[in-house]
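Asker: for reference, the sequence and a predicted model appear below.
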Amino acid sequence: MKKPLFYLLGAVALTCLSYSNCSFAANTDKTLASIKQASQSIEKKVIQWRRHLHQNPELSNREFKTAAYIEKHLRSLGLEVKTKVAHTGLIAILKGAKPGPVVALRADMDALPVKERTPVDFASKVTSEYNGKQVPVMHACGHDTHMAILMGVAEILSARKQELAGTVKFIFQPAEEGSPAGEEGGAELMVKQGVLKNPEVDAIFGLHISAGTDVGTIGVKTEGILAGVDDVKIIVKGKQAHGSTPWKSIDPIVTAAQIINGLQTIVSRHMTLTERPAVVTIGAIDGGVRSNIIPERVEMLGTVRTFSQEDRMAIREHIRNKATLIGKSMSAEVEVKIPYSASYPVTYNDIELTNKMLPTLKSIANKVKIIKPITGAEDFSFYAQEVPGMFFFLGGKPLDVSEEDAAPHHTPDFYIDESGMRFGIEALAQLAVDYLNMHAK
Ligand code: NI
């Protein structure tokens, strides 16, 4: 649910535009210079932290050493720190000297079961247990950079405690990539455990490093920036028969084929494509053992990506209807489970918040790109469905590498140009300061 926080803000911004000696603008300019400076001078340290975290990656819900490393730093800054939130998560509170709202900044902590192949001397050699197997572990999505950046921001803002008009909540969140089977975790569990309460958060910001975006560029958009996800399982139950006598069967293979075809018309014939994209994919189909047996049962797994809650609910309903009615027409019994395993809301960038904070991003990045919606997902969405949020992408691609040549996230060659991190430190620190100043009591 979105809170109506911004009714006052319009008036403040207008006043500032009308008078050249506006005190808010002057303050912001002063802080901007000092935060830019601080980000530059802390850059080396942040890169060292990042390399340490990169060399010591841990899988989702197992970020024990990672949490201890971050905790030590946060405590050294004199912050109020809460540990073991949603298993290994941390919350640190920085109370400014002046009254004001509460702004939260979030970084995710987990690595992936990927074998690193980059030539850097701090490449990971770590292995760990995953689903009962020993696997190589790598920060192959850049969450190491997110943590190091936020540690840097905590240090910069702690040094400005006297000037801060409000409270900053630093959130270090485990298991963004998804919890191990049978475990809860990630942002959903953090929210359940009250991360946005006590004190109540008024707005939240988060970033993701992007291996395919130029260093110095920030990508953002209003409304849905990353998709909502629903996984789906469809079970088709028929009647087994010899392959030579199909008239004695209720054929779940033919029924499943018709269901898959039927699902293709959900996006193409029911969704308003000029408004928002949507995706329905069946990615797995399992049925039958040999050529001359019509089996009893077929199971299918799929994923749905949407950019509004309305589309999400509509597609759930269309899948249930099409699958069961096509099944009925074939005398087969069809069971639809949606959501099945993964279920994430849309990562929604609050329109007013994003528009208000765009000038801050523009003052920092070499270029701010208004990007298209991305059909991937991010569990930052669980925070942003509770309070106004803004999530953006931070360039981490060396300028002399083409977008096509940049190794994608979650792959062994995934590589981040560390010089991009400085823009992230500056952006999060300045977003917090500007937000607090805009809403100072
Ligand atoms: Ni990620």
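Answerer: Cool, got the structure. Numbers count the residues shown, from 1 in each chain.
Asker: tell me how many other residues surround the residue nearest to residue 398 when sequence neighbours are not counted.
Answerer: Distances taken as Cβ to Cβ, 6 or more residues apart in numbering place residue 417 nearest to residue 398, at 4.3 Å, with adjacent residues excluded. Every residue, glycine included, has its C-beta placed from N, CA and C. By other Cβ atoms under 10 Å, 19 other residues sit near residue 417.
Asker: just say helix, strand or coil for the residue with the shortest distance to the centre of the chain.
Answerer: Centroid-nearest residue in the chain: residue 378, 2.5 Å away (criterion: Cα atoms, centre = their mean). The three-state label given to residue 378 by DSSP: H, G, I helix; E, B strand; the rest coil is coil.
Asker: who are the contact partners of it?
Answerer: By Cβ atoms under 8 Å, 6 or more residues apart in numbering, the contact set of residue 378 is 176, 208, 226, 344, 347, 391.
Asker: list the contacts for the second one?
Answerer: Taking Cβ under 8 Å, 6+ apart as the criterion, residue 208 is in contact with 142, 146, 378, 391, 392, 393, 394.
Asker: from the contacts of residue 378, which land in strands?
Answerer: With strands taken from DSSP state E, the overlap with these comprises 208, 226, 344, 347, 391.
Asker: closest one of those to residue 258?
Answerer: Each of those was scored against residue 258 by Cβ to Cβ, and residue 344 proved nearest at 29.4 Å.
Asker: right, and the closest one touches residue 381 too?
Answerer: Yes: under the criterion of Cβ atoms under 8 Å, residue 344 makes contact with residue 381 at 5.5 Å.
Asker: could you list the low-pLDDT ranges of the protein?
Answerer: Flagging of the chain using pLDDT under 70 yields the residue ranges 1-32.
Asker: what domains does the record give for it?
Answerer: The record's domain parsing of the chain by automatic domain parsing lists 17-224+346-438, 228-343.
Asker: pick the most deeply packed of these.
Answerer: domain 17-224+346-438 (a mean of 20; mean count of other Cβ atoms under 10 Å).
Asker: beta partners of residue 302?
Answerer: Beta-bridge pairing for residue 302 (DSSP bridges): residue 232, residue 282.
Asker: and if you look at residue 239?
Answerer: Listed beta-bridge partners, residue 239: residue 250 (assigned using DSSP bridges).
Asker: enumerate every residue touching it.
Answerer: 248, 249, 250, 296.
Asker: need the residues you listed in CSV with distance to residue 121, can you?
Answerer: CSV is the format used below for these (distance: Cβ to Cβ, whole Å):
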residue, distance to residue 121
248, 67
249, 62
250, 62
296, 57
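Asker: how about residues contacting the helix or strand encompassing residue 354?
Answerer: Assigned by DSSP states H and E, residue 354 belongs to helix 351-364. Helix 351-364 has contacts (Cβ under 8 Å, 6+ apart) with 5-6, 9, 13, 32, 36, 203, 205, 218, 220-223, 368, 388-390, 392, 423, 426-427, 430-431, 434-435, 438.
Asker: narrow those residues to those in strands?
Answerer: Mapping the contacts of helix 351-364 onto strands (DSSP E) picks out 203, 205, 218, 220, 223, 368, 389, 390, 392.
Asker: those strands in the stretch 101-250 of the chain, which residues are they?
Answerer: Counting by DSSP state E, counting those that start in this stretch, residue ranges of the strands within the stretch 101-250 of the chain are 127-130, 133-136, 165-173, 203-214, 217-220, 223-226, 228-237, 241-242.
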